[in-house]
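> with the sequence up front, the predicted model follows.
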Amino acid sequence: MKTGFAGLGVMGAPMGRHLIAAGFPAAGYNRSPDKALTWAAATGGTFAATVADAARDAELFILCVGNDDDVRQVVAEALPHLAPGAVIVDHTTTSAKVAREMSALAAGQGAFFIDAPVSGGQAGAENGQLSVMAGGDADALARVEPALKSYSKAIQHMGPSGAGQLTKMVNQICIAGVVQGLAEAVHFAQQAGLDTDAAYAAVSKGAAQSWQMDNRWKTMAEGRFDFGFAVDWMRKDLGLVLDEARANGSHLALTALVDQFYSEVQSMGGSRWDTSSLAARLQDRKRPA
């Protein structure tokens with residue numbers, strides 16, 4: 001299956017690497033050509049100087065870019081060059097609206113568009129352990145699923161176009177609440193004078209356990225946030241969530257509050273800190289004498 005890949009950043013580059021290692025030859029494009037050249041040299045992939053070069057005669061075209069407008073631009077540039085009946089798989093987190101737009105655009109040119117945002121972060125991409133939530137034509141998804149499995153541990157078809165993005169919004173709502181609760185728990189443990197390592201050992205095997213607790217408790221307690229999924233990206237995602245909530249009548253008071261907390265983190269200079277940096281808002285509040 002000839003494959004093109006656009007967007008070789010912290011997520012796309014390792015995803016493309018797994019794709020090639022699994023036997024799917026791919027041409028890779030990135031807006032910064034140096035990244036695409038480095039990726040091609042490291043993986044044995046083909047360097048593509050343009051989106052058109054990456055898409056030329058591709059049966060599968062994957063993108064992992066920044067936002068709605070990036071997706072619109074890349075898909076529009078790719079479509080005229082794809083093989084007949086090609087499947088476009090978009091791993092970008094976007095609005096459900098743009099997913100539906102791109103699906104209609106692709107269908108008009110004899111192609112299929114699958115909105116397929118992922119969860120698992122950079123570590124999941126590096127380890128080939130992403131969770132994919134997909135919207136669009138089920139048969140088209142089944143055709144390309146062997147390729148997607150090269151970097152995924154789970155692929156769930158959620159329904160028609162846009163359903164994948166809506167499911168990713170559910171994911172981000174869950175994360176926002178869990179991380180804020182975890183930040184407050186760490187803060188409380190420190191204020192109470194508890195050994196935070198011992199507190200983690202005590203609570204992490206019971207009902208409070210979560211991926212965030214297992215992977216972020218220690219770094220939160222240590223005040224380390226210079227890694228992981230950036231606050232800027234999370235605010236983009238939560239903006240999509242809140243826009244959709246206004247449209248469908250959802251009441252997301254906690255999500256809106258956590259979004260504001262992330263704006264405080266940005267004002268502290270934490271735009272590129274990990275989402276666990278919600279704890280940073282609390283760390284200058286000293287234990288009373």
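Received, thanks.

> show me where the stretch 51-200 of the chain has its strands.
Under the criterion DSSP state E, counting those that start in this stretch, the stretch 51-200 of the chain contains strands at 60-63, 87-90, 112-115, 118-119, 130-135, 152-159.

> contacting residues around the worst-scoring helix or strand of the chain on mean pLDDT?
Lowest by mean pLDDT, DSSP states H and E among the helices and strands of the chain is helix 121-127, with a mean of 95. By CB atoms under 8 Å, 6 or more residues apart in numbering, the residues outside helix 121-127 that reach it are 10-12, 14-15, 118, 129-131, 151, 153, 228-229. Backbone N, C-alpha and C define where each C-beta goes, glycine included.

> stretch 68-80 now?
4, 6-7, 50-52, 54-55, 58, 61, 63, 65, 88, 90, 92, 94-95, 97-98, 101-102, 105-106, 109, 111, 113.

> please pick the buried ones from the residues you listed.
Neighbour counting by 16 or more other CB atoms under 10 Å classes 4, 6-7, 51-52, 54-55, 58, 61, 63, 65, 88, 90, 92, 94-95, 98, 101-102, 105-106, 111, 113 among the contacts of stretch 68-80 as buried.

> so who does Gly223 touch?
So Gly223 contacts Ala279, Ala280, Gln283 (CB under 8 Å, 6+ apart).

> go through the residues you listed and single out the one with the most neighbours.
Within the contacts of Gly223, most neighbours by other CB atoms under 10 Å means Ala279, with 28 neighbours.

> I'd assumed His187 was in contact with that residue.
Yes. Ala279 is within contact range of His187, at 6.6 Å (criterion: CB atoms under 8 Å).

> can you pull the buried residues of stretch 21-30?
Within stretch 21-30, the residues that count as buried by 16+ other CB under 10 Å are Phe24, Ala26, Ala27, Gly28, Tyr29, Asn30.

> could you dump the residues you listed into JSON lines and include pLDDT and secondary structure?
Converted to JSON lines, those look like this (pLDDT from 0 to 100; DSSP: H, G, I helix; E, B strand; the rest coil):
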{"residue": "Phe24", "pLDDT": "97", "secondary structure": "coil"}
{"residue": "Ala26", "pLDDT": "98", "secondary structure": "strand"}
{"residue": "Ala27", "pLDDT": "98", "secondary structure": "strand"}
{"residue": "Gly28", "pLDDT": "98", "secondary structure": "strand"}
{"residue": "Tyr29", "pLDDT": "98", "secondary structure": "strand"}
{"residue": "Asn30", "pLDDT": "98", "secondary structure": "coil"}
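
> which of those residues lies closest to Ala147?
Using CB to CB, Phe24 comes nearest to Ala147 of those, at 4.9 Å.

> can you give me the helices in this protein?
12-21, 33-43, 51-55, 68-78, 96-107, 121-127, 138-148, 163-191, 196-203, 211-222, 231-248, 253-267 (DSSP state H).

> against which helices or strands is the last one packed?
To tie it back to what came earlier, the one meant is helix 253-267. Helices and strands touching helix 253-267, by 3 or more CB pairs under 8 Å, 6 or more residues apart in numbering; DSSP states H and E, are helix 163-191, helix 231-248.

> winner for burial among those?
helix 163-191 (a mean of 20; mean count of other CB atoms under 10 Å).

> now that helix: mean pLDDT?
Helix 163-191 carries an average pLDDT of 98.

> try stretch 58-65
The average of the pLDDT scores along stretch 58-65 is 98.

> can you give me how far it is from the chain middle?
Its chain's C-alpha centre and that of stretch 58-65 lie 16 Å apart, by CA atoms, centre = their mean, to the nearest Å.

> export only the CA atoms of that stretch, formatted as PDB.
The C-alpha trace of stretch 58-65 is given here as PDB (Å, rounded to 0.1, in the frame of the first residue of the first chain):
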ATOM      1  CA  ALA A  58      -0.700   7.200  -2.600                       C
ATOM      2  CA  GLU A  59      -3.500   4.700  -1.700                       C
ATOM      3  CA  LEU A  60      -3.200   5.800   1.900                       C
ATOM      4  CA  PHE A  61      -2.500   9.400   2.900                       C
ATOM      5  CA  ILE A  62      -2.000  10.200   6.600                       C
ATOM      6  CA  LEU A  63      -1.700  13.600   8.200                       C
ATOM      7  CA  CYS A  64      -0.900  14.800  11.700                       C
ATOM      8  CA  VAL A  65      -0.800  18.600  11.600                       C
END
